[in-house]
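Novice: model the following, please.
(one chain, ligands or ions: 1)
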Amino acid sequence: MSADPRVSIHPDSEVLMAAIAARLITKLVDLQDTHGEATIVLTGGSMGIGSLKAVADSPASRAVDWSKVNFWWGDERFVGSDEADRNARQAHEALLAHIPVDPARVHVPGSSDEFATPEDAAADYARQLNEAAAAEHAADMSDDRPERPGNLPRLDIVLLGVGPDAHVASLFPEQAGIRETDLAVVGVRHSPKPPPLRVSLTLPTINTAAEVWIVVAGEDKAGAVGLALAGANPVQVPAAGPRGRSKTLWLIDANAASRVPEQLVRKAPSGA
Ligand SMILES: O=C1O[C@H](COP(=O)(O)O)[C@@H](O)[C@H](O)[C@H]1O
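Specialist: So this is what the prediction gives:
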C-alpha cells in the first residue's frame, strides 16, 4: 500500500534545508536504533545537495553511525567520474567527505569512464541493487520492515528534487524513462536539462521505498509542485508519480507552495 502525500511548508529555502537535515538525522538514528543500519537514496539538485550540506553542518549528525548507512543515488549524470556535474561528486563534497562512511556501502552509478553507454551503466546499477537484495535476504529473513520486491534492497528513504519541468531523478516529462515499467534502472538520452546522458532509477523502483521525501524550493517550481499535488498524470508531470509505501512527504518552501491545492495545506490553528 502506498501513502497519500503529506505536505510540510517552511518559510524559505534556508529553513527548509535545516529542517530536512534535522528530519534526516532523526530518521537515520531511529532506523539504526531499531535495525542497526539504514539505507538512503540521495538526489542531486539544489535542495538535495543543500540539505546534505546542512546535515554536515549540524552537530547532531554525529549521532548517526555513518559507517552503517547504505548510500544509493536516484539518478546520476553519465559523464566522467570527476566531472563537477556528477551528483555523487557534489554529495561527496557536501557531506560524504566529512563523515566516516564505509566505502563498501556507497553505491554510485557508473560513469562514462567505466561504461560505453548510459544503458550499460544502468544495467550495472541494477545488478548492484540485485546483489544488495540477495545479501540482505541471506543475512536476515526475519526482517520486519515494509515488504519489498525480491530483486531490490530495502530502501528506507528516497530523497527527490523536482525540476521546473516537474522531472524527478532523471525521469523527464513524456520521455521513455518515466514510462518504464520493466527495468529497475534506465539509461537516459536527450535529457532536456544538461548533461543529456544520465542514469536513473525508474518509478517502480522509487516506489518500493518505505518513505519518499520530495524536497523543493523556489517560485520556478511552484507550477510543477501544484500540478503534482493536484494529481496530474506522471507521464506529463513525473513529480506526481513517486509514492512511499508508508510515507510520501513533500518538504517545500513557501515560494514552491504557492500553487499547492488549498486542502493539502496545513493551517496553523486560529488564535495561535
Ligand atoms: O538534474 C537534476 O535535477 C533535479 C532537480 O534539480 P534542481 O537543481 O532544479 O533542484 C535533481 O533532483 C536531479 O537529481 C538532478 O540530476
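
Novice: quickly note the distance from Gln175 to Gln236.
Specialist: Shown here: Gln175 relative to Gln236, a distance of 11 Å by C-beta to C-beta, to the nearest Å. Glycine gets a C-beta too; all of them are placed from N, C-alpha and C.

Novice: okay, Ser2: pLDDT?
Specialist: If you check Ser2, the pLDDT there is 72.

Novice: show me the contacts for it.
Specialist: Ser2 is in contact with Asn207, Arg243, Gly244, Arg245, Thr248, counting by C-beta atoms under 8 Å, 6 or more residues apart in numbering.

Novice: neighbour count added to those, as JSON lines?
Specialist: As requested, the contacts of Ser2 are exported to JSON lines (neighbours: other C-beta atoms under 10 Å):
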{"residue": "Asn207", "neighbour count": "18"}
{"residue": "Arg243", "neighbour count": "18"}
{"residue": "Gly244", "neighbour count": "24"}
{"residue": "Arg245", "neighbour count": "19"}
{"residue": "Thr248", "neighbour count": "21"}
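
Novice: on that earlier part again, so between Gln175 and Gln236, which is more surrounded?
Specialist: Each of Gln175 and Gln236 has its neighbours counted (other C-beta atoms under 10 Å); Gln175 has more, 20 against 12.

Novice: hmm, Val188 and the more buried one touching each other?
Specialist: Yes - counting by C-beta atoms under 8 Å, Gln175 touches Val188, with 7.2 Å between them.

Novice: quick one: low-confidence parts of the protein?
Specialist: Scanning the chain for pLDDT under 70 picks out 1, 140-150, 266-272.

Novice: quick check: residues of it near the ligand?
Specialist: 43-48, 75, 87, 161, 163, 169-170, 193 (C-beta under 6 Å from any ligand atom).

Novice: out of those, which sit inside helices?
Specialist: Secondary structure from DSSP state H places Gly45, Ser46, Met47, Gly48, Asn87 of the residues of the chain next to the ligand in helices.

Novice: so where do the helices sit in the stretch 101-250 of the chain?
Specialist: Taking DSSP state H, counting those that start in this stretch to define them, one finds helices in the stretch 101-250 of the chain at 118-139, 176-179, 203-206, 222-229.

Novice: in JSON lines, list those along with mean neighbour count.
Specialist: Below are these laid out as JSON lines (neighbours: other C-beta under 10 Å):
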{"stretch": "helix 118-139", "mean neighbour count": "17"}
{"stretch": "helix 176-179", "mean neighbour count": "20"}
{"stretch": "helix 203-206", "mean neighbour count": "22"}
{"stretch": "helix 222-229", "mean neighbour count": "21"}
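
Novice: give me the residue from the stretch 51-200 of the chain nearest the ligand.
Specialist: Proximity of the stretch 51-200 of the chain to the ligand (C-beta to the nearest ligand atom) peaks at Gly161, 2.7 Å away.

Novice: spatially nearest residue to that residue (excluding sequence neighbours)?
Specialist: Gly45 (3.2 Å; C-beta to C-beta, 6 or more residues apart in numbering).
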